[in-house]
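> Fold the following.
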Amino acid sequence: MEADGAAASFPLAKWRSDFSRAFQHYLDKSTPHATGRWLGTVGVAAIYFLRVYFLQGFYIITYGLGIYLLNLLIGFLSPLVDPEIEVSDGPALPTKGSDEFKPFVRRLPEFKFWYSITKAFCVAFAMTFFSVFDVPVFWPILLCYWIVLFVLTMKRQIVHMIKYKYVPFSIGKQKYGAKKGPGSSSLSKD
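Numbering: from 1, shown residues only. I've put the predicted structure just below:
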């Protein structure tokens, strides 16, 4: 009788393995297409918020989702090695002007940030189909509390960025490349 159970679970395990492999293949193919990925996530978020708006409920799920997204944002904006807490042998942020340049390495890379956000919206959307999660709450209080939490957390993060002189974005940073201008010389043979 145990052999029948093992034989019955084998097709399920094979299907799960095939599905996992195909899903990972499409995730890998989407990696270089950041704009498309984020537009898809915005679409998923819009569908979720429209569902919550039209149902006029599930505010506690939305609040939990907001707290989770804030946690992900902190991980995205934080360096891999926090100079305030730990010392590492790997790349660290320069603390003085004479220090060697070391690139900013995020604690949570962009792809994992995107994937976690998208997964969170999908899970929250699925939870809206179960009435057990529709806890009656006064949503303006939750919204005000979340805004206060967001402002205080971002203030602390910005103070940390200023203190250790790092910018987690590439906007406004000098870019080095092999652009040839009108006065540049070429070292190749003609």
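> quick check: longest helix of this structure.
If you go by DSSP state H, the chain has its longest helix at helix 2-30.
> give me the low-pLDDT residue ranges for this structure?
1-9, 86-102, 170-190 (pLDDT under 70).
> quick one: the helices in it?
All helices of the chain, identified by DSSP H, fall at 2-30, 34-55, 59-77, 110-127, 139-163.
> Dump these into a markdown table; add distance to residue 83 as well.
The way it works is simple: take the backbone N, C-alpha and C, and place the C-beta from them, glycine included. As requested, those are exported to a markdown table (distance: least, C-beta to C-beta, whole Å):
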| stretch | distance to residue 83 |
| --- | --- |
| helix 2-30 | 32 |
| helix 34-55 | 28 |
| helix 59-77 | 15 |
| helix 110-127 | 21 |
| helix 139-163 | 9 |
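> Dump the ones you listed to TSV, plus mean neighbour count.
What follows is the helices of the chain, written out as TSV (neighbours: other C-beta atoms under 10 Å):
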stretch	mean neighbour count
helix 2-30	10
helix 34-55	13
helix 59-77	17
helix 110-127	16
helix 139-163	13
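> State the distance from residue 53 to residue 59.
Counting by C-beta to C-beta, to the nearest Å, the separation of residue 53 from residue 59 is 11 Å.
> Distance check, residue 41 against residue 146.
20 Å.
> what residues are up against the residue nearest the centre of the chain?
The residue lying closest to the centre of the chain (C-alpha atoms, centre = their mean) is residue 113, at 1.6 Å. Residues in contact with residue 113, defined by C-beta atoms under 8 Å, 6 or more residues apart in numbering, are 72, 75, 76.
> again with residue 153
70, 74.
> For residue 83, give me phi and psi.
phi -60, psi -20 (degrees, to the nearest 10).
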